[in-house]
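> Pasting a predicted model and its sequence here:
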Amino acid sequence: MDATNLSDEGREAHGITRREFVRRSAAAGLAAGVGTTAVSPTAQAAQDRPPNLIVFFCDNLGYGDIEPTGSELHRTPNLNRMANEGRLFTHFYATAGVCTPSRASLITSAYPRRISMDETDGRVLRPVSHIGLNPYEITIAEVLKEAGYATGAVGKWHLGDQPPFLPTRCGFDFYFGTPYSDDMVHTHPRGEEDGWPPLPLLRGEEVIEAPVDRNTLTKRETEEAIGFIREHRDEPFFLYVPHAMPGSTTAPFASERFRGRSENGPWGDAVEELDWAAGQVLDVLQELDLAEHTLVIWTSDNGAPRREPPQGGNAPMHGWGYSTAEGGQRVPCIVWQPGTVPADTVCEELTTTMDLLPTFAKLAGVEPPKDRILDGHDIRPLLFGEDGATSPYDAFYYYEGPQLQAVRAGRWKLYLPLEDWTRVPNPAIEPGEPALYDVATDPGESRNMAGDHPDIVQELMALAEKARDDLGDLGRPGKNQRPAGWVNNPQPLLKTRDP
Ligand SMILES: [Ca+2]
């Protein structure tokens, strides 16, 4: 009898779960049915196996868009539960206010400028682009695949739509989703001019639907995520879920069950469906007895963009997505692993999406790449709530595309005294004047303290100079930048047959 076909009776007979039984049998080299409940040293080691890893990465969902961070508009019971059972990170940053650079950092543990993904086809990649994440980069999926993990990605990619740049070439065994933003459709004025294809839905590298029915994206992404978890329940897995919603259109999409149900129009409907999606995944982890063996992180790629009238919200952070304002880059983040991540706690230390790769590498029992500069850190002590654990960052740098605009160290964020701003993140900023905010107590960036703390302004300006030297700035290359990927003759992703 194959261990994986062990019936429910077998499970009853041994008084342990089916999964537990299979694992012990496999680890101890026992044939199924010769079961024993005594745990051998080998089986014990297998029980200490590395955790499964799941990352939800919503698109443009703001800091204040969910109940755990203060929304009174959207109902997010599943995220409430996740926060009650897990740990809320209130100083967690994306590395950019827009998609492509932000995503590039999560995947590579590098600032966008380090890997030249800060400025691509303008602020983000467009369809049929020459540019993408350089295959030289070592991705979080490649690190985990090397460590023996099954790897899957479900959702919006946005790191290049040509074959060498697709998730399947970046270490993901499995991919289902859209290659770029939900507003990059063939009927977009720019799309008509530039020959964008109908918005493709990919399975692996094949276009299975075009244009994709965007109303169904969150629902189908969730089904695929759950399918991946079920398929890989008996081995360590890494699942990256960059949901396409709430996304970049002025009327986000939701399936019929959620459409028109929230108190905040299409934006609220989309957020409430994303909450449902997270709940579905937590439920299946519990059903499969994997919850205690799975670290789940739920966050967003940048803040909610400004819309008239407003849709998403970044309160209490200042400003909007697509900028270096606190609300543009500080994103909601919930971390969950029952029994390992302390329940109902908050972490106020500065952490970023760049920390996931080195942290996950350590959790998987391997070392992060050593032959190149990574900008992230191993934040296990913060995830697991160790006493006295502090942020590993001396400084965090806010770039608007190629321009360095702000630096944070400790509680202080300095907007640099720039004469020319590519985009002004806070209307209180005066050209050529520093603006200093205590973003621990004043995340709304309302009290400029530069006049009271000239010493801190000087310290932060010195840190900025280090970043300019290392990563560069507008019109100035950095010493330690790496090139983006490039293909000649890019082609649209088209549906070539009925799947
Ligand atoms: Ca985004």
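Right, received. Where do you want to start?
> so Lys466, which of the three states?
helix (DSSP: H, G, I helix; E, B strand; the rest coil).
> What of Ile334?
Assignment for Ile334 (three-state DSSP): strand.
> Correct me if wrong: it contacts Glu85.
No - in this structure, Ile334 is not within contact of Glu85 by CB atoms under 8 Å, at 9.4 Å. Where C-beta positions appear, they are placed from N, C-alpha and C, glycine not excepted.
> And these two? Which one has more around it.
Ile334 (26 against 18; other CB atoms under 10 Å).
> Check what pLDDT the more buried one gets.
Looking at Ile334, its pLDDT reads 99.
> Run through the protein and note the low-pLDDT ranges.
For the chain, the stretches with pLDDT under 70 are 1-47, 499.
> one more time with 90
Scanning the chain for pLDDT under 90 picks out 1-49, 496-499.
> Grab the most central residue of it for me.
Compute the mean C-alpha point of the chain, and by CA atoms, centre = their mean the closest residue is Phe57, 3.7 Å away.
> how much space is there between that one and Glu349?
Using CB to CB, to the nearest Å, one gets 21 Å for the distance from Phe57 to Glu349.
> cool, Leu463 as well?
From Leu463 to Glu349 the distance is 18 Å (CB to CB).
> Quick check: Gly303 vs Pro425, distance?
11 Å.
> Apologies, that question was intended for Trp276.
Per CB to CB, Trp276 is found 33 Å from Pro425.
> In terms of neighbours, single out the busier of the two.
Using other CB under 10 Å, the more surrounded residue of Trp276 and Pro425 is Pro425, with 26 against 20.
> show me what contacts the more buried one?
Under the criterion of CB atoms under 8 Å, 6 or more residues apart in numbering, the neighbours of Pro425 are 319, 323-325, 328, 400, 405-406, 415.
> and with 10 Å instead?
By CB atoms under 10 Å, 6 or more residues apart in numbering, the contact list for Pro425 reads 97, 318-320, 322-329, 398, 400, 405-406, 415, 435, 445.
> wouldn't the residue nearest to the centre of the chain be in contact with Met245 here?
No - under the criterion of CB atoms under 10 Å, Phe57 is not in contact with Met245, lying 11.4 Å apart.
> Between these two, which contacts overlap?
Counting by CB under 10 Å, 6+ apart, the shared contacts of Phe57 and Met245 are 155-156.
> re the thing from before, what's the residue nearest to the centre of the chain sitting at in phi/psi?
phi -140, psi 90 (degrees, to the nearest 10).
> so what's the spatially closest residue to it that is not a sequence neighbour up against?
Nearest residue to Phe57 in three dimensions, chain neighbours excluded: Pro242, at 4.1 Å (CB to CB, 6 or more residues apart in numbering). The neighbours of Pro242, taking CB under 10 Å, 6+ apart as the test, are 55-59, 99, 103, 106-107, 153-159, 167, 177-178, 221, 300-301.
> Domain map for the protein?
Here the domain assignment for the chain is 3-47, 52-383, 396-477, based on automatic domain parsing.
> Nearest to Pro483, out of these?
Nearest to Pro483 among these is domain 52-383 (5.4 Å), distances taken as CB to CB.
> coming back round to it: would you mind listing the residues touching both of Gly303 and Pro425?
97, 318-320, 322-323, 325-329.
> Rebuild those residues as a markdown table, extending it with secondary structure and distance to Lys362.
Formatted as a markdown table, the shared contacts of Gly303 and Pro425 follow (DSSP: H, G, I helix; E, B strand; the rest coil; distance: CB to CB, whole Å):
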| residue | secondary structure | distance to Lys362 |
| --- | --- | --- |
| Gly97 | coil | 29 |
| His318 | coil | 34 |
| Gly319 | coil | 34 |
| Trp320 | coil | 35 |
| Tyr322 | coil | 33 |
| Ser323 | coil | 33 |
| Ala325 | coil | 32 |
| Glu326 | helix | 29 |
| Gly327 | helix | 31 |
| Gly328 | helix | 30 |
| Gln329 | helix | 25 |
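> that older thread, what residues are shared contacts of Ile334 and Glu85?
In contact with both Ile334 and Glu85: Val341, using CB under 10 Å, 6+ apart.
> who in the chain is up against the ion?
Proximity of the chain to the ion is confined to 59-60, 99, 301-302 under the rule CB under 5 Å from the ion.
> Now flag whichever of these is closest to Glu235.
Nearest member of these to Glu235, counting by CB to CB, is Asp301, at 28.2 Å.
> Next, the contact list for the closest one, please.
57-61, 94-103, 105-106, 156, 158, 242-243, 321, 329, 331, 353.
> Which single residue in this protein comes nearest to the ion?
Nearest residue of the chain to the ion, counting by CB to the ion: Cys99, 3.7 Å away.
> and the longest helix for the protein?
Assignment by DSSP state H gives helix 265-287 as the longest helix of the chain.
> Specify the angle between the next helix or strand after that one and helix 265-287 in degrees.
Downstream of helix 265-287, the first helix or strand assigned by DSSP states H and E is strand 294-300. On the basis of axes from the mean of the first three to the mean of the last three CA atoms, to 10 degrees, strand 294-300 is oriented at 170 degrees to helix 265-287.
> then strand 294-300 to PDB, C-alphas only?
Output of strand 294-300 as PDB, limited to C-alpha atoms (Å, rounded to 0.1, in the frame of the first residue of the first chain):
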ATOM      1  CA  THR A 294       3.200  27.400   7.600                       C
ATOM      2  CA  LEU A 295       4.300  31.000   7.900                       C
ATOM      3  CA  VAL A 296       1.900  33.300   6.100                       C
ATOM      4  CA  ILE A 297       2.600  36.900   5.400                       C
ATOM      5  CA  TRP A 298      -0.200  39.200   4.100                       C
ATOM      6  CA  THR A 299       0.800  42.600   2.700                       C
ATOM      7  CA  SER A 300       0.600  45.000  -0.300                       C
END
